[in-house]
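A.B. asks: No letters, just coordinates:
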């Protein structure tokens, strides 16, 4: 059977615009690198309002509030989640504090957007999701890639069956880090897997579904965090994903979805805004969607728009990244960590 012919063009993305969703009042827990970029992205590209920030020290909260023109700065997380002027809490604390921070906000009746990973493992991710559902508040992992216009193009290509029977996913994420970066600290659940590896496993399980088998190998740094990991996941129908993460070297950080009719490629960094290319199986034709937005973390606001859209519609989770998808990914990642000998300090 000859491959199905490609259409005239790739589909256009369908992401919500800034003025099409409610303007929520956000409180931010954490004052690190990702929190700063998230707030800057919201303030430059949306009508969302960041009204409060909380940190472990008042000085850090004050400095962050001054830098981002935020009204209120508090030292205790309990004070932030109790603020009646806050609708939604963005959890940007270190990985090992995600569970504690998210549950605190949920208990206070706040919607939560939790930086990835939602928890250190599938058990924590399920616990947080269950608590939010029981409290009747919205909860979502801020896996920002899945809410980008680029990924909505990919989503439609897959839904339309343009690639045919998808057999293979390839994805890589490698960056180099120097001390004293948090990712190198075992006390803060550092290592390549929760920071970088979660992008590639999320991508694979998003495209191919749960992993039925996992094979992994890796190496540790002298400080005792995972330096790099190579993973082979088997999915339904014996489809395969071949994945890699490293914090030791900078790698292409590209991704490929290969089917019997066509192959889709995401030039690196695949998890950020960027182009999409689909090439027919015989190589005779390529369609390209070109990213209109600047590449970089300035696009973090797309996850906030998705949260605002869902909250405005009364949803308790995003249909684009529901709790079951997060747990599915973390279950695969848990098996990777087991096989490569990674353990994280308990959060209780």
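C.D. replies: Perfect, I can see it now. This structure is a prediction, so every number in the text was calculated from the model and none was measured. Numbers count the residues shown, from 1 in each chain.
A.B. asks: Can you give me the pLDDT of the residue nearest to residue 208 when sequence neighbours are not counted?
C.D. replies: Leaving aside its sequence neighbours, residue 208 sits nearest to residue 235 (C-beta to C-beta, 6 or more residues apart in numbering; 3.8 Å). Just so you know, the C-beta spots here come from the backbone N, C-alpha and C atoms, and that holds for glycine as well. Residue 235 carries a pLDDT score of 98 in this model.
A.B. asks: who's in contact with residue 235?
C.D. replies: Residues near residue 235 by C-beta atoms under 8 Å, 6 or more residues apart in numbering: 204-205, 208-212, 241.
A.B. asks: Check residue 171 too.
C.D. replies: Neighbour list for residue 171: 199-200, 203-204, 241-244, 254-256, 270 [criterion: C-beta under 8 Å, 6+ apart].
A.B. asks: In helices, which of those residues fall?
C.D. replies: If you go by DSSP state H, the contacts of residue 171 have 199-200, 203-204 in helices.
A.B. asks: about what we covered before: identify the farthest-apart pair in the contacts of residue 235.
C.D. replies: Farthest apart among the contacts of residue 235 by C-beta to C-beta are 204 and 212. That separation is 12.3 Å.
A.B. asks: who's more crowded, those two?
C.D. replies: residue 204 (26 against 13; other C-beta atoms under 10 Å).
A.B. asks: Does that one touch residue 243 like I think?
C.D. replies: Yes - counting by C-beta atoms under 8 Å, residue 243 is a contact partner of residue 204 at 6.0 Å.
A.B. asks: Between these two, which contacts overlap?
C.D. replies: Residues touching both residue 204 and residue 243 (C-beta under 8 Å, 6+ apart) are 169, 171, 233.
A.B. asks: picking that back up, adding distance to residue 299 and pLDDT as columns, could you present the contacts of residue 235 in CSV?
C.D. replies: Formatted as CSV, the contacts of residue 235 follow (distance: C-beta to C-beta, whole Å; pLDDT from 0 to 100):
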residue, distance to residue 299, pLDDT
204, 22, 98
205, 22, 98
208, 25, 98
209, 26, 98
210, 28, 98
211, 28, 98
212, 33, 98
241, 25, 98
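A.B. asks: Redo these as JSON lines? Include distance to residue 141.
C.D. replies: Output for the contacts of residue 235, formatted as JSON lines (distance: C-beta to C-beta, whole Å):
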{"residue": "204", "distance to residue 141": "16"}
{"residue": "205", "distance to residue 141": "13"}
{"residue": "208", "distance to residue 141": "19"}
{"residue": "209", "distance to residue 141": "18"}
{"residue": "210", "distance to residue 141": "17"}
{"residue": "211", "distance to residue 141": "18"}
{"residue": "212", "distance to residue 141": "23"}
{"residue": "241", "distance to residue 141": "19"}
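A.B. asks: Can you list which of the residues you listed are found in strands?
C.D. replies: When strands are assigned by DSSP state E, the members of the contacts of residue 235 inside them are residue 241.
A.B. asks: Just the buried subset of the contacts of residue 235, written out for PyMOL, thanks.
C.D. replies: Per 16 or more other C-beta atoms under 10 Å, the buried members of the contacts of residue 235 correspond to this PyMOL selection:
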select buried, resi 204+205+208+211+241
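A.B. asks: Return the member of the contacts of residue 235 nearest to residue 5.
C.D. replies: residue 208 (24.4 Å).
A.B. asks: For residue 202, see how far away the closest one is.
C.D. replies: According to C-beta to C-beta, to the nearest Å, residue 208 and residue 202 sit 11 Å apart.
A.B. asks: go on, residue 320?
C.D. replies: Counting by C-beta to C-beta - residue 320 and residue 202 are separated by 12 Å.
A.B. asks: okay, and the common contacts of the two?
C.D. replies: With C-beta under 8 Å, 6+ apart, residue 320 and residue 202 have common neighbours residue 146.
A.B. asks: and those two? which has more neighbours close in?
C.D. replies: Regarding residue 320 and residue 202, a neighbour count based on other C-beta under 10 Å identifies residue 202 as having more, with 26 against 19.
A.B. asks: can you count the residues close to the residue nearest to the more buried one when sequence neighbours are not counted?
C.D. replies: Counting by C-beta to C-beta, 6+ apart, residue 329 is the residue found nearest to residue 202 once chain neighbours are left out, at 4.7 Å. Look at residue 329: counted by other C-beta under 10 Å, it has 29 neighbours.
A.B. asks: Whichever strand or helix holds residue 329 packs against which elements?
C.D. replies: Residue 329 belongs to helix 323-340 when assigned by DSSP states H and E. In this structure, helix 323-340 makes packing contacts with helix 122-135, helix 198-208, strand 213-220, strand 226-234, judged by 3 or more C-beta pairs under 8 Å, 6 or more residues apart in numbering; DSSP states H and E.
A.B. asks: Throw the ones you listed into a markdown table and include distance to residue 19, thanks.
C.D. replies: As requested, the helices and strands packed on helix 323-340 are exported to a markdown table (distance: least, C-beta to C-beta, whole Å):
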| stretch | distance to residue 19 |
| --- | --- |
| helix 122-135 | 27 |
| helix 198-208 | 28 |
| strand 213-220 | 43 |
| strand 226-234 | 40 |
